[in-house]
Every structure is written in structure tokens, then in C-alpha cells.
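Visitor: The sequence and its predicted three-dimensional model are supplied below.
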Amino acid sequence: MPSPSRRTVLATGSAVGGALLAGGMPAQARAADHADTSDSDPWRTVLDDADLVWQRMPKTWYEGPYLGNGFLGSGIYAEPGAETEAVRFNVQHSEVQDHRPEFGSLFGLARLPIGWFTLEPVGAITGLDWRLGLRDAELTGTLTTDKGTLTLRALVHNSRSVLAVEVTPSEGERDFRWVFHPADAISPRADFKPLPDGYQGNPPAEVAEHDGVSTAVQPLLSGGQHVTAWRERTRGGTRCLYVHVAHSYPKSTALGRALTTVRGASALPYDRLAGTHRAWWHAYYRKSFLSLPDARIQRFYWIQLYKTASAARRDAPVMATSGPWLESTPWPNTWWNLNVQLEYWLIHGSNHLELDAVTRALSEFRGNLSKEVSDRYRADSLGIPRTTDPQLVNGAAGTLTGYGVGIPGQDPPTPEVGNLTWALHNVWLSYRHTMDESILRDVLFPLLRKAINYYLHFLEPGTDGKLHLPATFSPEYGGNSRDCNYDLMLLTWGCRTLLESAELLGIKDALAPRWREVLAQRVPYPTDANGFMIGADIPFAKSHRHYSHLLAVYPLYELTGRTPDELALIEKSLAHWVGFEGALQGYTFTGAASMSALLGKGEDALRYLGQLMTRFIQPNTMYKESGPVIETPLSAAQSLHDMVCQSWGGIVRVFPALPAAWADLTVHDFRTQGAFLLSAVRRGGVTRWVRLVSEAGAPCVVRHGIAGAIDVRDGRGRPLWYRAVSDGTIQVALRKDESVLITARGERPDLTIAPVRPNADAPRWGLPA
């Protein structure tokens with residue numbers, strides 16, 4: 001990545017400095033969005049540097065470009081079995097699913113494949129040169145054949161939900177063609193598991209023409225339909241394909257919407273569509289900034305921000321295991337025992353709450369959560385199964401069709417009961433990072449109250465005078481155990497959060513004494529000589545990818561190493577967990593990195609991320625196990641966040657776990673708990689300045705990391721009163737919209753927000769030559 005020019009720094013230093021001291025967005029940063037020159041715009045510099053490139057043909061979803069807007073998704077790679085003859089543009093949609101709950105969430109409610117287009121040149125493909133531009137969220141480049149070239153541009157429009165692919169052929173390729181291939185509308189799980197009794201695929205799609213618009217109408221046996229509509233328009237020597245997918249249930253109204261959308265979009269030249277699309281993406285990235293000296297990891301980080309916005313929107317379905325890019329998978333729906341939680345963590349620090357579908361979905365479909373627990377508990381309890389469709393419905397439960405919530409102490413079904421409480425921790429994070437009381441009052445408190453109430457039905461005193469849980473299941477270890485740590489840790493966090501929330505909301509809840517009793521009388525977390533056990537009946541004794549037995553450490557931060565014994569327990573448990581090779585997977589290493597960051601061990605955190613990158617991350621930063629899953633790379637971005645800033649426990653910790661190699665680092669408008677926006681710069685291994693803007697007027701305690709005496713000034717440069725809490729930690733009184741700037745005593749540092757110089761060159765992501 002090129003370092004910022006001297007002109008950039010000199011031109012922006014005073015302007016940005018003044019704007020930062022005054023609060024709000026830096027003046028130069030605002031102006032730079034219109035300047036359109038890389039060396040004057042830090043965002044453009046890092047984004048252009050992070051573009052993925054292909055100079056070899058991608059052959060799978062794990063290698064190729066991908067486009068999306070949270071709904072419509074397209075993965076692009078060579079047509080399997082015809083690599084020199086055609087390029088596949090997959091067409092998938094996060095709302096397209098079956099509606100037969102009698103066959104469960106993994107068959108009867110599964111996401112359904114839609115189909116794909118093939119771009120078929122006249123000649124044989126001999127080469128390509130593609131670039132996925134993150135800043136514009138657009139694929140550009142050329143496809144070379146033995147007859148000529150095809151120059152292409154492609155995007156999935158942010159708001160119109162249209163795939164637009166513009167192709168300009170050379171003379172020898174003027175007769176290239178597009179062909180649509182409808183997929184069989186059957187659960188992708190059918191390729192991996194036997195079909196449930198009575199289950200059959202939906203009938204074939206019906207292809208037709210409608211006044212110049214082609215359609216593939218897929219009728220569903222349940223009623224309803226999904227429709228792919230497309231049209232190609234020629235303007236001069238350029239041809240542009242426009243594609244839209246619509247889904248409707250139970251009525252068959254998707255056809256009309258699909259036709260209307262394609263006709264409207266195809267009336268616009270590609271550049272007209274691209275203008276509004278690019279404007280959204282440019283504004284999206286500018287909500288935060290991070291630059292670090294590891295070029296490969298910095299690029300990876302910005303690609304994850306692109307990927308997340310391509311896969312998520314607040315009003316889109318909660319991300320399924322592979323986002324909007326459905327591929328052959330045994331997991332064709334939404335997974336709630338880790339995947340969802342990890343997929344959405346990065347939205348908080350990166351300041352992208354506009355992507356928070358979890359809070360919206362849990363609120364909107366809360367009525368379905370009571371139906372997922374047994375009849376006798378529905379009046380006062382809620383739960384979420386391991387797997388659901390976008391409306392949080394599981395349907396028929398079974399190991400083949402979808403996993404129910406279960407009942408503690410009983411099996412079948414598997415008593416996996418903690419998933420809703422864990423999902424609500426994500427909602428709590430959204431509240432804490434915004435301090436939006438409506439999230440607390442209308443979503444978190446009422447749902448968490450009933451999720452915890454489900455546990456309370458089963459807690460029972462033992463002969464030791466402690467409260468115990470019957471046998472439950474810890475994802476994904478195998479076997480049920482009494483006093484399962486997964487559930488005890490979530491129960492503890494839930495009771496503590498309910499008490500704190502009730503106090504904040506002024507609610508005198510009749511269950512508050514019971515929550516206090518749980519915190520006072522709960523059995524200690526089961527441990528042995530190796531650290532945390534799975535539960536009282538099951539030691540941790542085999543390789544296990546999941547950290548379900550360690551949630552109190554991360555992400556709940558209930559145990560943080562406050563005492564020497566607690567620290568030793570965490571360190572021992574972490575080492576024991578990752579010490580078993582065999583079943584470890586990518587998210588094992590993101591979890592280990594974040595736990596290491598909690599302990600301030602930046603070198604260990606970086607080492608774990610390095611293992612993730614070399615062992616698991618694919619050329620386009622996607623990830624696979626038995627099928628495609630996207631949570632692990634997204635959670636790696638959160639691990640980076642945890643190294644750069646942590647804000648649990650009411651303290652904003654600046655640069656808490658940086659490795660020595662990261663001597664220079666810039667972060668801007670990083671969102672923390674308490675609804676603060678953090679900006680900070682580190683140069684030569686020294687934190688030069690820290691700035692916090694308060695959006696909610698919450699208590700502000702910051703561990704700034706600046707050695708020696710400090711100056712603390714407000715947004716107008718005036719000295720600001722503060723109280724030293726401990727060495728390197730201060731408390732500052734900030735009202736809403738006020739800011740604080742912390743520097744070394746007597747320093748007036750350059751407050752420029754700019755990329756840092758990389759330590760070494762690194763290959764781009766994608767398939768470079």
C-alpha cells in the first residue's frame with residue numbers, strides 16, 4: 001500500500017486537526033470524498049489497496065469474486081467442467097426459501113437455489129484480468145479468448161437489488177451470449193443427507209418471455225413462487241444484462257414485481273445505475289477507519305467490511321451460513337449456536353449498526369420464539385433452536401430436518417437451550433454501543449426475561465445448597481452434562497444483565513429476587529486440572545472447535561483475569577482447548593485470538609490470526625468446512641477490533657493488545673460501548689493522541705495508554721477536568737456530543753487521519769499472477 005504523500009499530510013494536518021478538536025467529521029475527510037484522488041483521501045487509499053485481483057480463472061466460490069446487497073447475491077467463477085468455455089454468474093437471494101415446516105428448517109424451510117447465468121464467449125477462454133473494487137463494490141476487467149476480448153463491469157445495485165453486467169466485446173466476440181440455467185428447487189442438504197419421508201423437490205421452473213423480459217417462474221408446492229427476471233439491452237457497442245429476483249408466499253405475486261423492477265432498471269444505462277450505487281458504498285466506508293502496518297491483514301479487514309455489507313442489511317434476513325451466496329451446503333439456513341453471533345460482532349466497532357438484522361429479527365418474530373419451547377413452558381418462556389428460517393421458525397425437529405430447543409434433563413430432542421440468550425448478547429452489544437434505550441426496553445429486556453425464565457423452570461437445589469441445572473448440551477462437543485458451562489455462563493450473564501437493565505429502566509420486576517438468588521447460589525463453573533470442563537459430567541478431553549465452554553471469558557467478559565487465580569484458570573483453559581489438534585477449525589483461532597487480546601497478549605493474538613490465514617482462509621477470504629460458511633472471516637475482523645480497542649466493563653481500552661510489529665496504527669470513529677467514537681494514532685510504538693466523542697453522555701472512563709503526564713482538553717482546546725482512576729486510566733465528564741482529546745503533557749500532535757506505512761509487501765487477495 002502506498003504511504004500518504006508529504007503533500008497529503010501537510011495539506012490535511014491543520015484542517016483535520018482543527019476539525020477534530022472542534023468535534024464532528026474531519027473537514028478534510030468530508031472534502032476528500034469529492035476530490036476523487038487517492039493521495040488526498042485515506043479511505044480511498046486503503047480501499048484501493050485492498051482490491052482483490054484475478055489473473056487466473058477462479059474455479060469455485062472460494063476463489064472467485066462476489067457481489068451482493070444483503071438480499072441478491074452473485075458468486076462468479078468458471079463454469080464447472082467447462083472452464084475454457086463459460087463463466088458462471090450465480091444468482092441467489094436470501095429471502096428465497098421453501099415453506100413446508102413439516103419437513104423442518106433444513107429441508108422444508110430451507111433456502112432454495114435459484115440458478116445461474118453463463119457468460120459464453122465465442123472463443124475459448126485464454127486469460128482474464130479482473131479487479132473487485134471495494135470502494136465501488138464493482139467487478140471490472142477483461143476476459144480474453146482466442147477470438148478477442150470481453151471487457152466487463154458488474155455490480156449488484158445497493159437499493160434496486162439488480163445484478164447488472166455490462167460487457168463490451170471486441171469484434172471477434174460480438175456474438176457472445178448469456179444463458180440462464182434454473183436450479184432444481186430442492187434443499188441443498190439433499191446432496192449430503194437422506195430425504196425425509198414424503199419430501200420431494202418443487203416442480204421445474206417455467207421459462208417465458210414478457211414483452212422483451214425473460215422470466216423463470218419457480219412455483220412452490222407450499223404455494224407462492226420465486227421469479228428470476230432478466231433483460232439484455234444494447235447501447236452502441238456495449239450490451240448490459242439486468243437481473244432481478246423476487247419471492248412471494250403464500251401468494252404468487254413475485255412475477256409482477258420482478259418484471260417491474262427489471263423494466264425500470266434496464267431503462268437506465270449502466271453508469272446511471274452505478275452512480276447511486278457507488279454513492280452508498282462510499283458513504284458506508286467513511287463511518288470508520290482502520291490502518292495497520294500488516295498489509296495482508298489490513299486488506300483482509302477492509303474486505304470483511306465489504307463482505308458484511310454485501311451480505312447484511314437491517315431489513316434483510318439474518319445471515320444464513322453462507323450469506324446471500326447459496327452454494328451446495330449441508331447447512332442451508334440460519335445457525336444460532338455460534339454462526340449468527342460471530343457474523344455480526346464486527347458491526348459494532350466498525351460503526352455499522354445499519355446492518356443489525358439480529359436485533360430487528362428477534363424483535364419482529366418474537367412470537368415464533370415461544371413456539372420453539374415445549375407447550376407447558378410457552379406462557380412465560382422463549383427459546384431459539386440451533387437452526388431456523390429467516391422468520392425464526394424451525395418446523396419439525398430432528399437430527400435430519402432441524403434441531404429443536406429441547407428440555408433440560410431430557411433427550412431427545414437434544415437439550416441445546418442457551419442459543420437465544422447468546423443471541424440476545426448481540427442485542428445487548430447493539431444497545432451498549434448506541435445507548436439506544438428503545439433496544440433495551442423494547443427488545444432486550446422482555447426477550448431476555450423469558451429466555452432466562454426457561455432456565456429457572458429447571459434450576460434445582462443440590463445437597464451442597466447450590467442451584468444446579470439438569471443435563472444440557474454444549475455446542476458442539478457431544479453428550480449432555482449436568483451443570484453445563486455453556487448454560488451456566490449464559491444464565492449468569494442473563495441474570496446480571498436483567499438486574500442492571502431493570503434498574504436502568506426503573507422497573508421493579510417480581511423476578512428480581514430470583515435473579516439475585518441465582519447469582520448468589522449458582523453452582524461454581526465446573527473445572528478440573530485442565531481448566532473449564534464441558535460440564536460436571538464431561539471433562540474437556542478431545543479436540544473441539546467450539547468455545548462454548550469458555551463463553552464467560554469471551555465474549556461475555558464475565559471472567560477477565562481480575563485475580564491471579566482467575567487469570568491462571570483462563571490461561572490454562574485456553575492452552576488446553578487449542579492444544580488438541582484434529583477437530584480445530586478457523587473460528588477456534590479467532591476465538592483464541594480474542595481471548596489472548598483480553599489478556600493483553602498481542603503476540604499470541606497475532607499468532608492465532610496467522611494460523612487462521614495460512615490454514616483456513618481461502619483466496620477470496622471466504623471459508624469452508626463441510627460446506628461454505630462465512631462467520632469465521634467476519635469474526636477475525638472482530639479479533640482485530642479486540643486487539644485495537646476493548647470497552648467491556650465500562651472502560652474504553654485503547655490499543656490493549658498490539659504486537660510489537662504494529663508500532664504504527666490509526667483508528668478513527670471506532671464505536672465503543674457507552675456510545676463513544678474513538679479516534680487514536682500510534683507512531684513508533686507510542687500512542688500519540690486519543691480522542692473520544694460522546695454520543696449519549698454516558699460515563700466516560702478511558703485507559704489511554706499514554707505514558708507519563710497528560711493534557712486533557714475539550715473540543716475547543718480548553719483544559720478539561722478529569723480524575724485519575726488508576727495508572728493510565730482516567731474518568732472524564734462528557735455530556736452528549738462533547739469530546740475529549742488526550743495527549744502527552746505539552747504535546748500538540750498532528751491529528752491527521754492517514755494510512756500507516758506497511759512493514760512489508762504482501763500479495764493481494766484473489767488469484768494474482
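Guide: All right, it came through fine.
Visitor: Contacts only, for residue 724.
Guide: Residue 724 makes contact with residue 730 under the criterion CB atoms under 8 Å, 6 or more residues apart in numbering. Backbone N, C-alpha and C define where each C-beta goes, glycine included.
Visitor: got it, and residue 530?
Guide: If you count contacts by CB under 8 Å, 6+ apart, residue 530 has them with 539, 540, 572, 573, 576.
Visitor: next one: residue 270
Guide: Taking CB under 8 Å, 6+ apart as the criterion, residue 270 is in contact with 153, 164, 166, 238, 240.
Visitor: so how far is residue 269 from residue 234?
Guide: 11 Å (CB to CB, to the nearest Å).
Visitor: Comparing those two, which residue is more hemmed in?
Guide: residue 269 (16 against 8; other CB atoms under 10 Å).
Visitor: wait, the more buried one sits on residue 240?
Guide: Yes. Because the distance of 7.5 Å satisfies CB atoms under 8 Å, residue 269 is recorded as touching residue 240.
Visitor: residue ranges with poor pLDDT in the stretch 1-150 of the chain?
Guide: The model of the stretch 1-150 of the chain has pLDDT under 70 over residues 1-39.
Visitor: correction: the chain
Guide: Applying pLDDT under 70 to the chain flags the ranges 1-39.
Visitor: about what we covered before: now for the contacts of residue 530: which two are most distant?
Guide: Farthest pair in the contacts of residue 530 (CB to CB) is 539 and 572. Separation: 13.2 Å.
Visitor: Which of these two has more residues huddled nearby?
Guide: residue 539 (18 against 15).
Visitor: can you pull the contacts of the more buried one?
Guide: Residues in contact with residue 539, defined by CB under 8 Å, 6+ apart, are 528, 530, 533.
Visitor: separation between it and residue 373?
Guide: Applying CB to CB to residue 539 and residue 373 gives a distance of 30 Å.
Visitor: what's the offset of stretch 749-757 from the middle of its chain?
Guide: Centre-to-centre, stretch 749-757 and its host chain are 28 Å apart (CA atoms, centre = their mean, to the nearest Å).
Visitor: buried stuff in that stretch?
Guide: Judged by neighbour count (16 or more other CB atoms under 10 Å), stretch 749-757 contains these buried residues: 750, 751, 752, 753, 754, 755, 756.
Visitor: export it as PDB, just CAs?
Guide: What follows is stretch 749-757 as a C-alpha-only set of coordinates in PDB (Å, rounded to 0.1, in the frame of the first residue of the first chain):
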ATOM      1  CA  PRO A 749       0.500  16.200  17.800                       C
ATOM      2  CA  ASP A 750      -0.500  16.200  14.200                       C
ATOM      3  CA  LEU A 751      -4.100  15.000  14.200                       C
ATOM      4  CA  THR A 752      -4.100  13.800  10.600                       C
ATOM      5  CA  ILE A 753      -6.100  10.600   9.900                       C
ATOM      6  CA  ALA A 754      -4.000   8.800   7.400                       C
ATOM      7  CA  PRO A 755      -2.900   5.300   6.500                       C
ATOM      8  CA  VAL A 756       0.200   3.900   8.000                       C
ATOM      9  CA  ARG A 757       3.200   2.600   6.100                       C
END
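Visitor: in the stretch 351-500 of the chain, which spans are strands?
Guide: Secondary structure of the stretch 351-500 of the chain by DSSP state E, counting those that start in this stretch: the strands cover 387-388, 460-461, 467-468, 472-473, 480-481.
Visitor: Okay, the closest residue to residue 173 other than its chain neighbours and residue 125: tell me how far apart.
Guide: Ranked by CB to CB, 6 or more residues apart in numbering and with sequence neighbours excluded, the top spatial neighbour of residue 173 is residue 148, at 4.1 Å. Computed as CB to CB, the residue 148 to residue 125 distance reads 11 Å.
Visitor: Of those two, give the one with the bigger neighbour count.
Guide: Set side by side, residue 148 and residue 125 show more neighbours around residue 125, with 22 against 17, by other CB under 10 Å.
Visitor: ok, the more buried one - contacts?
Guide: Taking CB under 8 Å, 6+ apart as the contact definition, residue 125 lies against 57, 78, 83, 84, 85, 87, 143, 144, 145.
Visitor: if we take the residues you listed, which one ends up nearest to residue 605?
Guide: Sorting these by distance to residue 605 puts residue 57 at the head of the list, at 35.6 Å, by CB to CB.
Visitor: before we move on, what SS does that closest one have?
Guide: Here residue 57 takes the coil state, with states given by DSSP: H, G, I helix; E, B strand; the rest coil.
Visitor: Got the phi and psi for it?
Guide: Comment: the main-chain dihedrals of residue 57 come out as phi -70, psi 120, following degrees, to the nearest 10.
Visitor: what's the closest non-adjacent residue to it?
Guide: residue 78 (4.9 Å).
Visitor: show me where the stretch 501-650 of the chain has helices.
Guide: Residue ranges of the helices in the stretch 501-650 of the chain, as given by DSSP state H, counting those that start in this stretch, are 512-521, 564-578, 586-598, 602-615, 631-644.
Visitor: Compare those helices and give me the one nearest residue 103.
Guide: Residue 103 lies closest, by CB to CB, to one member of the helices of the stretch 501-650 of the chain: helix 631-644, at 25.3 Å.
Visitor: where's residue 221, which helix or strand?
Guide: Per DSSP states H and E: residue 221 is located in neither a helix nor a strand.
Visitor: what's around the closest residue to it other than its chain neighbours, how many residues?
Guide: Taking CB to CB, 6+ apart as the measure, residue 221 lies nearest to residue 202, with 5.4 Å between them; neighbours along the chain are not counted. Using other CB under 10 Å, residue 202 has 19 neighbouring residues.
Visitor: what does the one 3 residues further on give?
Guide: Residues contacting residue 205 under the criterion other CB under 10 Å number 23.
Visitor: what's the answer for residue 571, then?
Guide: Burial of residue 571, expressed as a neighbour count using other CB under 10 Å, amounts to 16.
Visitor: which ones are touching it?
Guide: Contacts for residue 571 (CB under 8 Å, 6+ apart) come out as residue 599.
Visitor: Of the helices of the stretch 501-650 of the chain, which is nearest residue 282?
Guide: Ranking the helices of the stretch 501-650 of the chain by proximity to residue 282 (CB to CB) places helix 631-644 first, at 20.0 Å.
Visitor: any idea of the angle the closest one forms with helix 586-598?
Guide: Relative orientation of helix 631-644 versus helix 586-598 (axes from the mean of the first three to the mean of the last three CA atoms, to 10 degrees): 10 degrees.
Visitor: Run the chain-centre distance for helix 631-644.
Guide: Computed by CA atoms, centre = their mean, the chain-centroid distance of helix 631-644 equals 9 Å.
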